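Peer 1: below are the sequence and a predicted model; questions follow.
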Amino acid sequence: KSIIILVNGVNQLADYEGAYLLPPVPVEAIDRIEIVRGPLSVTYGSGAFFGAINIITNDVSATPGAASHSSVLRGNQDTSRWFGRTSYKHPDGQVVLQASTYQSAGVDVPYRELESKFVGNEGDLTTGGRLEESDDYLELSGNYQNFSFSLFRTQTNREGYVGAPTVKSGNVRKVDTSMAQIGYQTKWSKQWSLSGKL
């Protein structure tokens, strides 16, 4: 809790757990990662005593105009990922829209191969259908003149099991995250500027 983690400047600390539940930001969406060491609580609030990590996903080319790209990944264990991004750059601002979805059936091995000691109640059960994963990611962000905004929504499902093997399906952990930020920044002189975020 002494290093704050942000996505486009939005704090990812889940206060109700006091823990970071990072949204499933696809690697393709990351433009750069800023790491600042040292006490930053004055700038970012509590939790930034040792530094801050800011994941930037809304950088676009300096060339005005539109740009888009997409990618599709397919792998073993019925793993698939789709990612799409489109952006528009204008002399007064920019806008970025990106989305991603990820699915995996997880590994399928007999329980007995996962045990260092024979339990006796696993029968012919396997992990098939009990370790599934899915991530959905949607982001819209941009700025115009002195104003900026960032909206994103994520949904993560992780299946697993704790203790004895499960018979029907795994234990599912679902995390839904929706965040919005609007900001304003202006510079009056070399010494004075105004910046605010909500």
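Peer 2: Thanks, I have it. Owing to the predicted nature of the structure, the values given are computational and were not obtained by experimental measurement.
Peer 1: so how far is residue 56 from residue 29?
Peer 2: The span separating residue 29 from residue 56 equals 10 Å under the rule Cβ to Cβ, to the nearest Å. Glycine gets a C-beta too; all of them are placed from N, C-alpha and C.
Peer 1: where is the longest strand in this protein?
Peer 2: What stands out as the longest strand in the chain, according to DSSP state E, is strand 171-187.
Peer 1: what packs against the next helix or strand after that strand?
Peer 2: Proceeding C-terminally, strand 171-187 gives way to strand 193-197 as the next helix or strand, assigned by DSSP states H and E. When contacts are defined as 3 or more Cβ pairs under 8 Å, 6 or more residues apart in numbering; DSSP states H and E, strand 193-197 packs onto strand 171-187.
Peer 1: the strand it packs on pairs with which strands?
Peer 2: Within its sheet, strand 171-187 is paired with strand 147-160 (antiparallel), strand 193-197 (antiparallel), according to DSSP bridges.
Peer 1: mind putting these into CSV with distance to residue 69 and mean pLDDT?
Peer 2: Listed next are these as CSV, based on distance: least, Cβ to Cβ, whole Å; pLDDT from 0 to 100:
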stretch, distance to residue 69, mean pLDDT
strand 147-160, 19, 87
strand 193-197, 29, 88
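Peer 1: circling back: higher neighbour count, residue 29 and residue 56?
Peer 2: When neighbours are counted by other Cβ atoms under 10 Å, residue 29 comes out ahead of the other of residue 29 and residue 56, with 22 against 15.
Peer 1: quick one: the more buried one from residue 132, how far?
Peer 2: When Cβ to Cβ is the yardstick, residue 29 and residue 132 sit 23 Å from each other.
Peer 1: which residue sits closest to residue 34, ignoring its sequence neighbours?
Peer 2: Nearest residue to residue 34, sequence neighbours excluded (Cβ to Cβ, 6 or more residues apart in numbering): residue 54, at 4.3 Å.
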